[in-house]
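1. Coordinates only, no sequence provided:
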């Protein structure tokens, strides 16, 4: 099975990035072979809709599950609609996250974990968009 | 410049510097024909002007509707959309209405003709009269992300004769560009602090890019430092008025009273301000 993990770097030993829509990179990990393929997240600098753009990217790569720290309402809606399972993990490396998934020790989420604009870096809530 | 009308926008960069204070008191002192409140996220000119006989109209945008009978989930629409308003994966196609900018591009690129457009209400505009001035203002519905279409709807009601004052939102992005575009002159209201200066510089750059002449009104004069004055001198930007940091002005503002109603000695100063702007435009 292929899973996408939001990552701060290009290798499986990179730290996981807790933001889904605005992480720098997705690592597409094959859970059988533990091979990891980095894919740049072009939504990192999107003005709006980063979560949807990121969901579009990973869904089009055929992943069955995504692992990140937090998912906003739009990302959650898009991924659920596409039938992609959503898991959260709070810290650690990409490899550790995938190992936890394989052991069935990750939380599967059925609702958004944060409000919109979480990963925008202006504090929770994002403020008035300008 | 249209010889029949004079359109003056009041902008600032930084919020809370006194755009509304200047726009309202200028409009009342010189007897403007119309005030357009373009700050559709936080309109407040009506609090000071207290218009009567207010009429409202909805503002609608066209958003895509996908016919899933025809859709082959090819993703061309989602790839085309620069605003991430469309999501297509597997056998799912979703539209995120609040992100849609109504460009209509998805409909054009759809090879299956599966996309039609439907109007969706995003806010309202209001028109009323106060003291001989027509006031037009807009309100963006809560939760909506895009203010520009409401501002455009307010500006569509702009008179083509007489004096029109536009109260712009703060900032320097799309809503400000939409507000000041096609005006004859921009009054930049700032405060003489490093914060006022920082945002004044950014907003001034935007207005200069648009090729609109501008002048600066320094509000809260007496606080802060000389940075704004030095910047204006260096850039050759005229300082066309100074309003002091004055408790009485603040108290009147807090009660929704235009300060020139009580401090009538300011009315001639605002008349001079208008004359000064007309001279700058000669």
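-> Cool, got the structure. Small disclaimer: the values here were computed from a predicted structure and weren't measured. Numbers count the residues shown, from 1 in each chain, chains lettered A, B, ... in the order given.
2. And for residue 98, nearest residue in space, chain neighbours not counted?
-> You didn't say which chain, so I picked chain A. Spatial nearest neighbour of residue A:98, chain neighbours left out: residue A:29 (5.1 Å); criterion: CB to CB, 6 or more residues apart in numbering or on different chains. Any C-beta I mention is one placed from the backbone N, CA and C, and that applies to glycine too.
3. looking at chain B here, not the other one
-> residue B:145 (5.2 Å).
4. what's the pLDDT at that neighbour?
-> The model reports residue B:145 with a pLDDT of 80.
5. returning to what we had before: quick check, the residue nearest to residue A:98 in a helix?
-> No - counting by DSSP: H, G, I helix; E, B strand; the rest coil, one finds residue A:29 to be strand, located in no helix.
6. Any idea what it is bridged to?
-> The partner list for residue A:29 in beta bridges (DSSP bridges) reads residue A:3, residue A:36.
7. Report the contact partners of it.
-> Applying CB atoms under 8 Å, 6 or more residues apart in numbering or on different chains to residue A:29 gives the contacts A:2-5, A:12, A:35-37, A:94, A:98.
8. Next: residue B:268.
-> Residue B:268 neighbours (CB under 8 Å, 6+ apart): residue B:29.
9. Residue of the stretch 151-282 of chain B closest to chain A, please.
-> Residue nearest to chain A within the stretch 151-282 of chain B (CB to the nearest CB): residue B:171, separated by 4.0 Å.
10. Can you check my assumption that that residue lies in a helix?
-> No - going by three-state DSSP, the assignment for residue B:171 is coil, not a helix.
11. re earlier: okay, the residue nearest to residue A:98: pLDDT?
-> On the pLDDT scale, residue A:29 gets 97.
12. Quick check: the gap between it and chain B.
-> Distance, residue A:29 to chain B, using CB to the nearest CB, to the nearest Å: 19 Å.
13. Can you give me the distance of the residue nearest to residue B:98 to residue B:156?
-> Between residue B:145 and residue B:156 the distance is 21 Å, computed by CB to CB, to the nearest Å.
14. Between the two, point out the one with more neighbours.
-> Counted by other CB atoms under 10 Å in any protein chain shown, residue B:145 and residue B:156 do not tie: residue B:145 has more neighbours, with 19 against 11.
15. quick check, the more buried one in a strand?
-> No - according to three-state DSSP, residue B:145 belongs to no strand; its state is coil.
16. re earlier: among the contacts of residue A:29, which one sits closest to chain B?
-> Nearest to chain B, judged by CB to the nearest CB, of the contacts of residue A:29 is residue A:4 at 12.3 Å.
17. How about the closest one: what's its closest non-neighbour residue?
-> Using CB to CB, 6+ apart, the closest residue to residue A:4 is residue A:58 (4.1 Å).
18. Neighbours of the one you found, how many?
-> Residues near residue A:58, counting by other CB under 10 Å, number 28.
19. With residue B:157 instead?
-> By other CB under 10 Å, neighbour count at residue B:157 equals 16.
20. Would you mind listing the residues in contact with it?
-> Contacts for residue B:157 (CB under 8 Å, 6+ apart) come out as B:36, B:125, B:127, B:136.
21. just residue A:38 next, same as before
-> A:7, A:10-11, A:25-28.
22. part of a helix, is it?
-> No - checked against three-state DSSP, residue A:38 lies outside a helix; its state is strand.
23. Distance of it relative to residue A:50?
-> 18 Å.
24. which residues does residue 61 contact?
-> By default, I'm working from chain A. For residue A:61, the contacting residues are A:2, A:4, A:28, A:39, by CB under 8 Å, 6+ apart.
25. Chain B is the one I meant
-> By CB under 8 Å, 6+ apart, the neighbours of residue B:61 are B:100, B:102, B:119-120, B:122, B:149.
26. please redo it, this time with the cut-off set to 6 Å
-> Shown in contact with residue B:61 (CB atoms under 6 Å, 6 or more residues apart in numbering or on different chains): B:102, B:120, B:122, B:149.
27. Likewise for residue A:42?
-> So residue A:42 contacts nothing (CB under 6 Å, 6+ apart).
28. For the closest residue to residue B:141 other than its chain neighbours, give its distance to residue B:237.
-> Leaving aside its sequence neighbours, residue B:141 sits nearest to residue B:123 (CB to CB, 6+ apart; 5.0 Å). Going from residue B:123 to residue B:237 by CB to CB gives 34 Å.
29. go on, residue A:100?
-> For residue A:100, the distance to residue B:237 - CB to CB - is 59 Å.
30. Over to residue A:17?
-> Relative to residue B:237, and taking CB to CB, residue A:17 is found at 44 Å.
31. Helix, strand, or coil at residue B:126?
-> Residue B:126 ends up strand, using three-state DSSP.
32. wait, doesn't it sit right on residue B:56?
-> Yes - counting by CB atoms under 6 Å, residue B:126 touches residue B:56, with 5.0 Å between them.
33. More neighbours: which of the two?
-> Applying other CB under 10 Å to residue B:126 and residue B:56 shows that residue B:126 carries more neighbours, namely 18 against 11.
34. beta partners of the more buried one?
-> Applying DSSP bridges, one finds that residue B:126 bridges with residue B:56, residue B:137.
35. Next, the contact list for it, please.
-> B:54, B:56, B:137.
36. Turn those residues into a markdown table, including pLDDT.
-> Shown next, in a markdown table, are these (pLDDT from 0 to 100):
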| residue | pLDDT |
| --- | --- |
| B:54 | 96 |
| B:56 | 97 |
| B:137 | 97 |
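37. now, which of these sits nearest chain A?
-> The closest of these, once distances to chain A are taken by CB to the nearest CB, is residue B:137, at 17.7 Å.
38. Alright, that wraps it up for me.
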